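**Student:** coordinates only, sequence not included:
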């Protein structure tokens, strides 16, 4: 004789049969939220692996202290919407012409910025291949700068 499987039909029956279910559902919901929050930052983290990166607060401190050179690699339209005060606007397409070789007298750090930091990592590779030193990428780009509520100029 085969035993019949009884499935609970009321909420109270489900709670008695599966007491771990609310906790498991809550844990699954927390994992989904964590993935949605962390996923956009994972791409930036992967690009930055092994490269010197600075977050927006560190960039702001460098600008106040040693006077680092911030190079904005965005297009002219994006630059006009708002940029870091005192930065040098060099669209990525013009980077090779504007920085062909490093100046041996230059001792300031150079911080590369674009909207998301994707282009900055490409520019970093180009500049390092030409012999530039003291180059950093701002992690998260201008999007991170705005999220950190740092001052912008127009």
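**Tutor:** The structure has been received and is ready for your questions. None of the values given here were measured: they were computed from a predicted structure.
**Student:** what are the phi and psi values for the residue nearest to residue 147 when sequence neighbours are not counted?
**Tutor:** Spatially, and ignoring its direct neighbours in sequence, residue 147 is nearest to residue 140 (7.4 Å; C-beta to C-beta, 6 or more residues apart in numbering). Just so you know, the C-beta spots here come from the backbone N, C-alpha and C atoms, and that holds for glycine as well. Dihedral angles of residue 140 (phi, psi; degrees, to the nearest 10) stand at phi 90, psi -10.
**Student:** can you list contacts of stretch 135-146?
**Tutor:** 41, 44, 48, 51-56, 59, 68, 70, 72, 74, 78, 82-84, 109-118, 120-121, 124, 127-128, 147, 152 (C-beta atoms under 8 Å, 6 or more residues apart in numbering).
**Student:** likewise stretch 104-113?
**Tutor:** With C-beta under 8 Å, 6+ apart, stretch 104-113 has contacts from 54, 59, 62, 66-74, 84, 87, 120, 123-124, 127, 132, 134-138, 141-142, 145.
**Student:** so the closest residue to residue 102 other than its chain neighbours: helix, strand or coil?
**Tutor:** Spatially, and ignoring its direct neighbours in sequence, residue 102 is nearest to residue 132 (4.7 Å; C-beta to C-beta, 6+ apart). With DSSP: H, G, I helix; E, B strand; the rest coil as the basis, residue 132 sits in coil.
**Student:** show me what contacts residue 132?
**Tutor:** 99, 102, 110.
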